[in-house]
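K.L.:
got a sequence here, can you model it:
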Amino acid sequence: MPNHARYLLTAPAHVRAVLATVMSAIALACVFPAAVLAQGPPIQTDTPIMLGLSGRGARTFLKVIRKGTMLRDGNEVADPLDRSMTAYVTPLAAPYNITTTFQVGAVVPFVVKTMDMGTTSVTSSGLGDAALFAKKLLVQVDGKARTFRVAAKATAKLPTGDHGAAIPLGTGSFDYGGSIVAGWLSGRWGVYLETLYLHRTTSGAVDYGDRYGYNAAIGFRLLPSVYEFYPSPQLNLFFELNGSAVGRAMVAGVENPDTGGSALFIAPGLQYVGGRRWLVEVSVQLPVRDDPNGTQLATDWTASLGARILLN
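P.N.:
Next up, the predicted model:
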């Protein structure tokens, strides 16, 4: 028997325990290379990191969207109707790994929208437009305490929301599209880039304009400064940019000038990972540029508070 093997068998119990811990950590790194990088996923941006072997998860959050500034061609104007809108969106997302590189899932939102017009208030509530998605990992390059990954995602939006409500809860159209997301994680840092496209179709006489989106996120693990064991609680700071451009809609073949537009938001966020199976997070979005076409209410801010659970 080699000397080193004989030593492992005859070493004191505390030495064998330390060696076993080290070997377990190495094995864990081989199976879950992203886990030992010790950083949760960004909040407003997608991630190419999958859930792990036989991964099943759930994510939900409350997102508050406030629109209270009337803009005309990018300039603030007075609104004789004194309109403002507050929306509360609570989606439930359920991703499931078919394999370690292929994931499917569904997102079902519950929506409450309230439109205030002076002393009058109108509210609609119910199911919003649900979505189905499939994500495939395309590139994975792992190194010591770092990884680079690229994934492609296909999405289909279903017309499940009541678009005939006093304040529509959905568009009534079946839309489909895709996205590419890349992520680079090294130690305490993570960088994510995402580009999206959604082809929006018709509902009745309305032909909706397509949507283009782009996101960028930088994450930094605030605590602990040195990640010594897995799982270990951690606190992550995120800074994100979320942009979109939506084409004008056509109504009965005529372009509606007061639809579509472009926007760019900064989104700082904070995330606490309590262990291997759960995390909580908070994020706000503030407009850097909000330029709706024609005359429309602009988004003043959004705020999100949510949680994620790993079920496997």
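
K.L.:
contact partners for Gly294?
P.N.:
Applying C-beta atoms under 8 Å, 6 or more residues apart in numbering, we find Gly294 in contact with 72-73, 256-259. C-beta: built from backbone N, CA, C; applies to glycine.

K.L.:
and the next element down the chain from the helix or strand of the chain with the lowest mean pLDDT?
P.N.:
Sorted by mean pLDDT, DSSP states H and E, the helices and strands of the chain end with helix 13-31, the least confident at a mean of 38. Sequence order places strand 57-72 as the next helix or strand after helix 13-31, per DSSP states H and E.

K.L.:
partner strands of whichever helix or strand comes after that following strand, parallel or antiparallel?
P.N.:
Next helix or strand after strand 57-72 toward the C-terminus (DSSP H and E): strand 75-76. Strand pairing for strand 75-76, determined by DSSP bridges: strand 57-72 (antiparallel).

K.L.:
mind listing what's buried in the partner strand?
P.N.:
Across strand 57-72, burial judged by 16 or more other C-beta atoms under 10 Å covers 57, 59-61, 63, 65, 67-71.

K.L.:
would you mind giving those residues as a markdown table with distance to Asp210 and pLDDT added?
P.N.:
Shown next, in a markdown table, are those (distance: C-beta to C-beta, whole Å; pLDDT from 0 to 100):
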| residue | distance to Asp210 | pLDDT |
| --- | --- | --- |
| Gly57 | 30 | 89 |
| Arg59 | 26 | 93 |
| Thr60 | 28 | 94 |
| Phe61 | 26 | 95 |
| Lys63 | 23 | 98 |
| Ile65 | 21 | 98 |
| Lys67 | 22 | 97 |
| Gly68 | 27 | 95 |
| Thr69 | 25 | 95 |
| Met70 | 25 | 96 |
| Leu71 | 22 | 95 |
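
K.L.:
greatest separation within the residues you listed: which pair is it?
P.N.:
For the buried residues of strand 57-72, the maximum inter-member distance is 40.1 Å, found between Gly57 and Met70 (C-beta to C-beta).

K.L.:
quick check: chain neighbours aside, which residue is closest to Gly164?
P.N.:
Gly172 (7.7 Å; C-beta to C-beta, 6 or more residues apart in numbering).

K.L.:
which residues touch the one you found?
P.N.:
Contacts of Gly172 by C-beta under 8 Å, 6+ apart are 159, 161, 163-164, 203-204, 206.

K.L.:
quick check: what element follows the host helix or strand of Leu138 along the chain?
P.N.:
Here Leu138 sits within strand 131-143, counting by DSSP H and E. Next helix or strand after strand 131-143 toward the C-terminus (DSSP H and E): strand 146-157.
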